[in-house]
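1. Here you go, sequence then predicted model.
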Amino acid sequence: MSIEEKFNKEMLELYQTVGKTTGYWANYYLRSVRKNGGLAHAKKALSKKNDAQEGFKKLIEVGRPDLSIEATVLKERYKKLFSNDELKEAQRRIDTVPEYAWRKPMNANNNFFGEINNENLYIEGSIKKVVVNKYERNIEARKKCLEKHGYKCKVCKMSFEDTYGEIGKEFIHVHHIKPLAGIAKEYKLNPEKDLIPVCPNCHAMLHTYDPPLSVEELQNKLREKVNKLLERNI
């Protein structure tokens, strides 16, 4: 398989990877890659100077610029397919990505999502500031979210009422699916689209990375773990 064929294969696989990990299915991108080939699509995208594609902006928003065409083009094994100008444009766009948009693993000792209600956590006489998601804490936003989605965890489908009976009725966390660091001050919350119900376990696991994992990513991790356990028991 030639370098160009490998690049085309990776560009096609990128569609599935991005869709499964972020929930963003770039259908126009897929049609173009299938019709024109991955290399021609990437070159055309990079020819539009100072005009990054909508998909690149979306990947920044969900904290996955590493899954962009630009990041793929800049992989050492593919650089020979592109001109210096094209590589410079890809690098320029990558350099515009703010630091917060690059996903970083979160230390388990600093993952307090769903555990702290107060903004101030007092430990051994010192005060530690804990950033609280105001949207997740907003009672009206929470109410509208749950009216739309119900009380089952969107990741693992657990219902506290089904599991624990009456004491679990209407117990659930809500999770903001858009990385808060990327939200502008004028951003208006849509509780039905921006918030989802999740159990505390899944809520904490979503926030093992910053920006957080997508629901689809965490579901895939759960599925992989279950499949491995089933294989082991066969």
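-> In hand now; what should we look at?

2. Distance of Arg34 relative to His41?
-> To His41, Arg34 is 9 Å away according to C-beta to C-beta, to the nearest Å. For the C-beta atoms, the positions are set from N, CA and C on the backbone; glycine is no exception.

3. out of those two, which sits in the busier spot?
-> Comparing Arg34 with His41 by other C-beta atoms under 10 Å, the one with more neighbours is His41, at 20 against 14.

4. what are the phi and psi angles of the more buried one?
-> Comment: the main-chain dihedrals of His41 come out as phi -60, psi -50, following degrees, to the nearest 10.

5. Same check on Asp210?
-> phi -130, psi 110.

6. swap in Tyr209?
-> Taking degrees, to the nearest 10, you get phi -130, psi 160 for the backbone angles of Tyr209.

7. Also Lys104?
-> Note on Lys104: its backbone torsions stand at phi -130, psi 140 [degrees, to the nearest 10].

8. Next up, the contacts around it.
-> 209-210 (C-beta atoms under 8 Å, 6 or more residues apart in numbering).

9. tell me which element the nearest residue to Thr21 once chain neighbours are set aside is part of?
-> On the basis of C-beta to C-beta, 6 or more residues apart in numbering, the spatially nearest residue to Thr21 that is not a chain neighbour turns out to be Glu217, at 4.8 Å. Assigned by DSSP states H and E, Glu217 belongs to helix 215-233.

10. Averaged pLDDT, that helix. What do you get?
-> Summarised as a single mean, pLDDT over helix 215-233 is 86.

11. And it, what's buried?
-> By neighbour count on 16 or more other C-beta atoms under 10 Å, the buried set for helix 215-233 is 215, 217-219.
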